[in-house]
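Asker: Fold the following and give me the result.
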Amino acid sequence: MTFQNFNFSQLTIQQLYDILQLRSEVFVVEQNCVYQDIDGYDQLATHILAYDEKVLVAYARILPPHTYFKELSIGRIIVKEKYRKQAIGHDLMSFCLQFISVQFDSQIIKLSAQEHLKSFYEYHNFYQQGDGYLEDGIPHIAMYRSHEKVKL
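Answerer: Numbers count the residues shown, from 1 in each chain. The predicted structure is shown next:
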């Protein structure tokens with residue numbers, strides 16, 4: 001399985017369809033959460049995709065600072081249900097963090113984590129700041145991580 005990164009204009013129509021289908025499958029159907037997924041931020045994001053042959057199995061998007069949050073952020077982090085428990089989520093986060101360390105100056109990364117995934121993000125050196133809150137009816141927490149730019 002290979003992770004790849006694309007900006008919005010580099011995505012093919014098929015890749016965009018796969019992304020929207022997976023996000024709908026997990027966030028809307030599986031989590032029974034009706035919300036507006038197409039939020040206007042995809043055009044500003046770097047999209048991280050992992051395919052198993054022709055099946056999109058993992059996805060995340062990275063937003064630059066001052067778009068969704070003041071901080072750089074990682075969001076829409078998902079692994080297709082039948083591919084969970086194979087460490088693909090950890091591989092996805094590692095790829096995102098490596099990409100950020102090369103592409104962005106040193107700064108803080110923020111994510112809005114579903115509360116039950118707190119230990120997953122702590123494994124990747126994120127820490128909770130502040131109280132929990134509801135986002136689209138699901139308990140979430142704000143999590144942060146510092147990062148240093150890799151000097152090549």
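
Asker: And the pLDDT at residue 137?
Answerer: If you check residue 137, the pLDDT there is 87.

Asker: tell me the contacts of it?
Answerer: residue 33 (C-beta atoms under 8 Å, 6 or more residues apart in numbering). (Each C-beta comes from the backbone N, C-alpha and C, glycine too.)

Asker: distance of it from residue 19?
Answerer: 23 Å (C-beta to C-beta, to the nearest Å).

Asker: And the helices in this structure?
Answerer: For the chain, the helices defined by DSSP state H occupy 13-23, 88-103, 118-123.

Asker: Between these, which one is closest to residue 78.
Answerer: Closest approach to residue 78 among those is made by helix 13-23 (6.2 Å; C-beta to C-beta).

Asker: what about residue 147, neighbour count?
Answerer: Neighbourhood size, residue 147 [other C-beta atoms under 10 Å]: 16.

Asker: Same check on residue 35?
Answerer: For residue 35, the count of nearby residues is 12 (other C-beta under 10 Å).

Asker: tell me the mean pLDDT for stretch 8-26?
Answerer: Rounded mean pLDDT across stretch 8-26 is 97.

Asker: gap between that stretch and the chain center?
Answerer: Between the centre of stretch 8-26 and the centre of its chain there are 14 Å (C-alpha atoms, centre = their mean, to the nearest Å).
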